[in-house]
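show me how the following folds:
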Amino acid sequence: MDCFDTRRIVLGWARSEIFGGKMIPILVLTLTFAVGDTLKLDLKGAVDLALQGNLDYRVQALSNTSSKLGFADRVTSYLPEPTLQATYSEYETQYGGLIPWKGYLVDLSVTQTIFSFQKLASLWGGKMDLDRGNALLQEAKNALSYEVENLYLSVLRESNTLEMQMNALKRAEENFRLIGAKGRLGQASKLDVLNAQVTLNQSKLALANAKKNTRITRRLFLNILGIHSYREVVLEPPAAQVALSDLPPLQILLSRAFEQRPSLVALQKRVTSANTDFLGELFAFLPAVSYEWSWQYTGEEFPSPARFGDEALKGSGISAGLRFNPISYPLRVQKKKTALDMARAELGKQKLIVARQVEEAYLTRATAKDNLELARLTLDAAKEGGELARAQYRLGLLKPLELFDAETRLLNAEADYLSAVYDVYLSRSALRFAVGGGF
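Alright, predicted model coming up:
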């Protein structure tokens, strides 16, 4: 999609039935480009697009590939290791007088490791690093999916808020014209006219802020998708019904998070890897055992295959060797022990962070559920109160200021309900991420 040429951005609107029959707009981002097709995104499509184009996730994926290559390198260290050295020399030797000599030295050997505690520890540590890389990649995927879902829902919420502010401005303009006409006829006081003017100006200010917030949120959403060349994007709203199922107990969610949260799994693998490195250094004094085949040829003529086979020195056998430095050994062991302690401390720190995230998300989810029900009841009451206020105002039983108050309460109730609806979705997403569930 990077081949398209950016030309202009147009903000449009569509509508859909959602949230119990309430008409909620769908934000349409019309991004004109060379080929005039439309990219229609639901939430899953947006996540898939971000996983392809987001650079932070791509970096983590490349890091995981590096871990796989590192593990493959450690595995191949147990395979037979061939070594070939070829040297051509010209020099004079004093053996029997100054005699010039020139010739070839070819050394071919193949070594097969039989036992090496350090190589075994390195191989197991590489496996832990590989598992850690996979867990970190999953954590990055979950985090990106969570952020995409948040921005996706935020774009829809801001677009709905924008339409509500547009409708509020229309009502404020109509009220201002009506109160102004009544003021000229002596049927409204100067205070009523001023209040209408204040309400109109506040509506204009609220609409300007809603436009700004919509543009900013839209840009953040496109950025996280990794879209460099613009095209038409249509965002579909979430499912019509908001799931309000009962939450499991907090302790069960915490246990589940400690078991499956990828960031904790990655740190647990890091602790295992650090422990393996420590043991490998601790038992570094153990001898390494290997089997070696060798062929060595020395002569003045370049060796042909037949000459190399007949005249080369051949040998094979088992060798065992150890290297031990009494000065550096305790320092290396202590260094690995310190790395192990750091890994354990980092794991404990991350557990506290995850516990806090889970508890915060749990409380937010429970509160969002209660707030949605309360917002629905408030909106129903505000609608009924608004209809009654308009009817009484037409009959002359209500002052303009009282009508303004009723309409303001209705607008605030609509905004609170809309916010509560999206808070349920966002809190559910946050809890799923905190526990370590997939997206």
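
all contacts plus neighbour counts: C-alpha atoms, from now on.
OK.

mind listing what residue 265 touches?
By CA atoms under 8 Å, 6 or more residues apart in numbering, the residues touching residue 265 are 132, 135, 259.

local confidence estimate at it?
pLDDT, residue 265: 95.

now do it against residue 131, distance only.
Relative to residue 131, residue 265 is positioned 9 Å away (criterion: CA to CA, to the nearest Å).

equivalent analysis for residue 392, please.
70 Å.

residue 200 now?
According to CA to CA, residue 200 and residue 131 sit 60 Å apart.

next: residue 280.
Distance of residue 280 to residue 131, computed by CA to CA: 19 Å.

state the mean pLDDT of the helix or strand encompassing residue 164.
Using DSSP states H and E, the element containing residue 164 is helix 117-184. Helix 117-184 shows a mean pLDDT of 90.

over to stretch 296-303?
Averaging pLDDT along stretch 296-303 yields 78.

tell me the buried residues in it?
For stretch 296-303, a neighbour-count test (16 or more other CA atoms under 10 Å) marks 296, 297, 298, 299, 303 as buried.

could those residues go into a markdown table alongside secondary structure and distance to residue 350?
Shown next, in a markdown table, are the buried residues of stretch 296-303 (DSSP: H, G, I helix; E, B strand; the rest coil; distance: CA to CA, whole Å):
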| residue | secondary structure | distance to residue 350 |
| --- | --- | --- |
| 296 | strand | 57 |
| 297 | strand | 60 |
| 298 | strand | 62 |
| 299 | strand | 65 |
| 303 | coil | 63 |
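
show me where this protein has strands.
8-18, 22-32, 38-41, 81-93, 99-115, 232-235, 288-299, 313-321 (DSSP state E).

coming back round to it: what helices or strands is the helix holding residue 164 leaning on?
strand 22-32, helix 43-53, helix 55-76, helix 190-225, helix 262-282, helix 400-435 (3 or more CA pairs under 8 Å, 6 or more residues apart in numbering; DSSP states H and E).

now the ones you listed as TSV including distance to residue 106?
What follows is the helices and strands packed on helix 117-184, written out as TSV (distance: least, CA to CA, whole Å):
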stretch	distance to residue 106
strand 22-32	68
helix 43-53	52
helix 55-76	25
helix 190-225	58
helix 262-282	35
helix 400-435	61
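
can you say which of the ones you listed is packed in most?
helix 262-282 (a mean of 22; mean count of other CA atoms under 10 Å).

the inter-axis angle of that one versus helix 117-184?
160 degrees (axes from the mean of the first three to the mean of the last three CA atoms, to 10 degrees).

which non-adjacent residue is nearest residue 190?
residue 183 (6.9 Å; CA to CA, 6 or more residues apart in numbering).

the one you found: neighbour count?
16 (other CA atoms under 10 Å).

any idea how this structure splits into domains?
8-77+116-286+322-435, 78-115+288-321 (automatic domain parsing).

now do the contacts for residue 354.
Contacts of residue 354 (CA under 8 Å, 6+ apart): 257, 258, 434, 435.

tell me the pLDDT of the nearest residue to the third one once chain neighbours are set aside.
It refers to residue 434. In this structure, residue 434 finds its nearest non-sequential neighbour in residue 358, 5.2 Å apart by CA to CA, 6+ apart. On pLDDT, residue 358 comes in at 96.

which one's more surrounded, residue 392 and residue 131?
More crowded of residue 392 and residue 131, by other CA under 10 Å: residue 131, with 20 against 14.

if I pick the more buried one, what's in contact with it?
266, 269.

and for residue 124?
Residue 124 touches 273, 276, counting by CA under 8 Å, 6+ apart.

quick one: it from residue 135, how far?
17 Å.

again, but for residue 399
65 Å.

the two: which has the busier surroundings?
Each of residue 399 and residue 135 has its neighbours counted (other CA under 10 Å); residue 135 has more, 22 against 14.

for stretch 205-219, the distance to its chain's centre please.
Taking CA atoms, centre = their mean, to the nearest Å, one finds stretch 205-219 lying 25 Å from the centre of the chain it belongs to.

what sits up against it?
Against stretch 205-219 from outside (CA under 8 Å, 6+ apart): 151, 154, 155, 158, 159, 161, 162, 165, 166, 169.

now the two most distant members of those.
151 and 169 (26.3 Å; CA to CA).
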